[in-house]
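Participant: Have a look at this prediction, sequence included:
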Amino acid sequence: MNKRRPYVRSMDGWWRKNPFFVEYMIHEGTALFVAAYAGILLNGLVHLSQGEAAWNVWLLGLKSSWYIGFHVLTLIALGYHTYTWFKIMPRTMPPVVVGGQRLSAWAITGSGLAVAAAAMAALLGLVWGMAR
């Protein structure tokens with residue numbers, strides 16, 4: 001008697017064949033920068049709780065060229081992450097109907113990016129005002 005062995009297709013690199021999945025995986029990869037930056041901020045919070053000397057040492061460490069380069073790279077990654085987050089949003093949410101018409105994907109993405117830019121500007125203004 002012969003046992004039937006069904007063909008099992010290899011799953012290696014399946015996501016590289018479809019541009020949508022490639023973009024999605026890059027988007028998910030940029031989330032690692034979000035996690036790393038959250039870790040840096042939590043580390044700063046720990047140093048702040050340890051007193052002024054520890055806080056100043058942490059701030060001095062952030063002024064190194066390696067950290068400045070990391071911050072620039074993280075800013076680029078977070079900008080891309082934010083853009084793709086709002087670009088994916090119309091595909092994942094139920095249709096939004098306003099005035100009997102379905103809201104376009106561009107309107108959803110654009111309004112999300114506008115709100116994100118306004119929140120960033122408000123936060124930047126708040127930090128700028130506190131630093132003066």
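Facilitator: Done, it's in.
Participant: State the distance from Val127 to Tyr67.
Facilitator: In this structure, Val127 and Tyr67 are 18 Å apart, going by CB to CB, to the nearest Å. The way it works is simple: take the backbone N, C-alpha and C, and place the C-beta from them, glycine included.
Participant: likewise Ala35?
Facilitator: Using CB to CB, we find Ala35 at a distance of 17 Å from Tyr67.
Participant: Does anything pack onto the helix or strand where Leu32 lies? Which helices or strands?
Facilitator: Assigned by DSSP states H and E, Leu32 belongs to helix 19-49. Secondary-structure packing of helix 19-49 (3 or more CB pairs under 8 Å, 6 or more residues apart in numbering; DSSP states H and E): helix 52-62, helix 65-92.
Participant: one step back: the more surrounded of Val127 and Tyr67?
Facilitator: Looking at Val127 and Tyr67 with other CB atoms under 10 Å, you find the greater number of neighbours at Tyr67, namely 13 against 9.
Participant: Next one: the more buried one, what pLDDT does it get?
Facilitator: Among the per-residue scores, Tyr67 holds a pLDDT of 92.
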